[in-house]
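K.L.:
following is a predicted model, sequence given first.
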Amino acid sequence: MAMLLGTALCAAVPALASAADEGALQGAEQAAYLDGLKRLYLTDNERQALLAHSNALLETYALRAGYQVGQAQRQDLLYRFAVGNAGELILREESRGQQGTAIAVRNQRVAVFGIDPFIRYECPTGGIRCVLFNPADGSPLLSIVRDHQGAGELAKALSFLIRNVQKG
């Protein structure tokens, strides 16, 4: 019996080692992602690179009035992130009417301490937008044009940004 238990434990050790190697590989992938952003935005500061990348993605995938064919109230929705006080991000939402005449600006503070940094998003097949959700309470945070790849990249960048701001 003891021999069988010893054999089972010896067989389990390589499996545990391979799981640890996968975690290390994931850490290496994260470091490569962050290093790539720092090179892309010509900075040594992770937070600046993540902010610049998140805001560039928000500009690229902005939900503009031109995408809203057939909608009665077509408007541009533009977003931009900034770092506020310790442990907080500020999301600026600007909506512009079709002719650019009516502009409304709203600032939302997103407290990041104590929350899961994972950003969840949905891109309904019948709609024209993807919605990214606030990780604190699950409420809609922002809307971009319906693009699965863009929403995924933005969610990834924002998740890294939240982790960075959580570090202080």
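P.N.:
Now that the structure is in, tell me what you want to look at.
K.L.:
now the strand or helix carrying Ser159: buried residues?
P.N.:
Ser159 belongs to helix 148-166 when assigned by DSSP states H and E. Across helix 148-166, burial judged by 16 or more other Cβ atoms under 10 Å covers 150-151, 153-162, 164-165. The C-beta positions use only the backbone N, C-alpha and C, and glycine is treated the same way.
K.L.:
now tabulate these in a markdown table and tack on distance to Glu88.
P.N.:
Below are those laid out as a markdown table (distance: Cβ to Cβ, whole Å):
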| residue | distance to Glu88 |
| --- | --- |
| Gly150 | 25 |
| Ala151 | 23 |
| Glu153 | 23 |
| Leu154 | 19 |
| Ala155 | 19 |
| Lys156 | 21 |
| Ala157 | 18 |
| Leu158 | 14 |
| Ser159 | 16 |
| Phe160 | 17 |
| Leu161 | 12 |
| Ile162 | 11 |
| Asn164 | 13 |
| Val165 | 7 |
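K.L.:
what's in contact with the helix holding Ser159?
P.N.:
With contact meaning Cβ atoms under 8 Å, 6 or more residues apart in numbering, helix 148-166 is reached by 30, 33-34, 37, 46-47, 50-51, 53-54, 57-58, 60-61, 81, 83, 87-89, 112-113, 115, 117-121, 123, 130, 132, 135, 144.
K.L.:
run the chain-centre distance for that helix.
P.N.:
Between the centre of helix 148-166 and the centre of its chain there are 2 Å (Cα atoms, centre = their mean, to the nearest Å).
K.L.:
what average pLDDT does that helix get?
P.N.:
Taken as a whole, helix 148-166 has an average pLDDT of 96.
K.L.:
repeat that for stretch 120-139.
P.N.:
93.
K.L.:
flag every buried residue along that stretch.
P.N.:
121, 123, 129-135.
K.L.:
low-confidence ranges, this protein, go.
P.N.:
1-26, 66-72, 98-101 (pLDDT under 70).
K.L.:
alright, calling it a day.
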